[in-house]
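Engineer: can you look at this prediction? I've put the sequence above it.
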Amino acid sequence: MIFLVEHIDTAKKALDVVDSIEKLLEKLGPYKPEIKSMTIDHLNKSSILKMLITAPSGHRRSISDIEIPAYRGYSVYEVFDAISLNKINLPWILKEGKWVVNGKNLPSSEKYFIILRGSVDKEALDEIVRVHAPEDPDKDEEEDRYWLHSALNNISILEKIYAELSIERVALSVKIGVQKSFSTSVPEQVRDMLEAGARADAAMSGRDREEVFRAWLHYRTAKRSLANISPQVMIDRFKRVLQPEVFVIYLKVPEPYRLEGIIPTSIGLIPESVGVNVHTDLTFIKPAAEGKLVFKKKEFGQRISSEFEELA
């Protein structure tokens, strides 16, 4: 495989995985391999490499072994006759850091598909794919908007290596701030009681008895104003509006992203944020994705208010 001179330094820096593929191809040199595709699962960093080997029968029989380096965790997964598409079971042996099979074990054909499975480490993957999800959104009174961006890096280099490249489940995680929504929507009496309870708990860890007494007196006074509604009841209300099936109502996920998970933070005095996970897929045909994830915070605040109205 030949790189243009001006791309060599960039390739070495950008693609740690290239080195493994280059060595693999060198070992298969006499068989004229062609990399047909690479599929990478961005989320779990696994990869599948598919290649086509052309081995004229006369030449094939003169070569004793096929050697594929067991490099970066890659191993032979399946081999197929490219003409009949029949699966070929070969006795691959791991020997001195290489997967080895005797070429004479190949059936009578000239083309074979070899599928390898392996992994890509985070550093290499970060060089192949660029992702961006800001913590600070664009805001107005109605919504918070988080700009999402995912793209393949160094496409010209990647196209020299792979006929097809697919990066699946490109994952972004956005931390949606909800503390202000709770602070402005929860009734004042509820906030007072929760804050007083937190101060009382903090005082218990100290040695100042007078401070403990004052803190608990303040808490009991605040609690009395809510007709003996327990803090747990209110925390349960927090949890209810943060349930994924409820919170999703207040999100707009832009195509080509798709929502994959909603993870509320642990409930403390007032919840601070909710983690929203989104995925997309990238290919040479669609090498980039972007859009704005929208949090409808005004509507969410109204939902909080409705949950707590009867406790006020």
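Structural biologist: Yep, it's here. Numbering: from 1, shown residues only.

Engineer: low-scoring pLDDT stretches of the stretch 51-200 of the chain, where are they?
Structural biologist: Scanning the stretch 51-200 of the chain for pLDDT under 70 picks out 55-73, 191-192, 194-200.

Engineer: just the helices in it please.
Structural biologist: For the stretch 51-200 of the chain, helices defined by DSSP state H, counting those that start in this stretch occupy the ranges 57-60, 122-128, 155-161, 179-185, 188-204.

Engineer: over to the stretch 201-312 of the chain?
Structural biologist: Using DSSP H, counting those that start in this stretch, helices in the stretch 201-312 of the chain cover 209-224, 231-242, 244-247, 297-308.

Engineer: pull out the buried positions in the second one.
Structural biologist: To tie it back to what came earlier, the one meant is helix 231-242. P231, M234, R237, F238, V241, L242 (16 or more other CB atoms under 10 Å). All C-beta spots, glycine's among them, are computed from the backbone N, C-alpha and C.

Engineer: average pLDDT across it?
Structural biologist: With pLDDT averaged residue by residue, helix 231-242 scores 81.

Engineer: quick one, it and helix 297-308 angle?
Structural biologist: 140 degrees (axes from the mean of the first three to the mean of the last three CA atoms, to 10 degrees).

Engineer: can you pull the buried residues of the longest strand anywhere in the chain?
Structural biologist: Of all segments of type strand in the chain, defined using DSSP state E, the longest is strand 164-177. Residues of strand 164-177 classed as buried: L165, S166, I167, E168, V170, A171, L172, V174, K175, I176, G177 (neighbour count, 16+ other CB under 10 Å).

Engineer: swap in stretch 88-100?
Structural biologist: Across stretch 88-100, burial judged by 16+ other CB under 10 Å covers I88, L90, W92, K98, W99, V100.

Engineer: CA atoms only: put that stretch into PDB for me.
Structural biologist: Provided in PDB are the C-alpha atoms of stretch 88-100 (Å, rounded to 0.1, in the frame of the first residue of the first chain):
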ATOM      1  CA  ILE A  88     -14.000 -22.600   5.000                       C
ATOM      2  CA  ASN A  89     -12.900 -24.100   8.300                       C
ATOM      3  CA  LEU A  90      -9.100 -23.800   8.400                       C
ATOM      4  CA  PRO A  91      -6.800 -25.000  11.200                       C
ATOM      5  CA  TRP A  92      -5.300 -21.600  12.100                       C
ATOM      6  CA  ILE A  93      -2.500 -21.800  14.700                       C
ATOM      7  CA  LEU A  94      -1.200 -19.000  16.900                       C
ATOM      8  CA  LYS A  95       2.500 -19.200  16.500                       C
ATOM      9  CA  GLU A  96       5.100 -16.500  17.600                       C
ATOM     10  CA  GLY A  97       2.600 -13.700  17.500                       C
ATOM     11  CA  LYS A  98       1.000 -14.700  14.200                       C
ATOM     12  CA  TRP A  99      -2.000 -16.600  13.000                       C
ATOM     13  CA  VAL A 100      -0.700 -19.300  10.600                       C
END
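
Engineer: still on that earlier bit, mind checking which of the buried residues of stretch 88-100 are in strands?
Structural biologist: K98, W99, V100.

Engineer: and of these, the nearest to S273?
Structural biologist: The shortest approach to S273 among those belongs to W99, at 46.6 Å (CB to CB).
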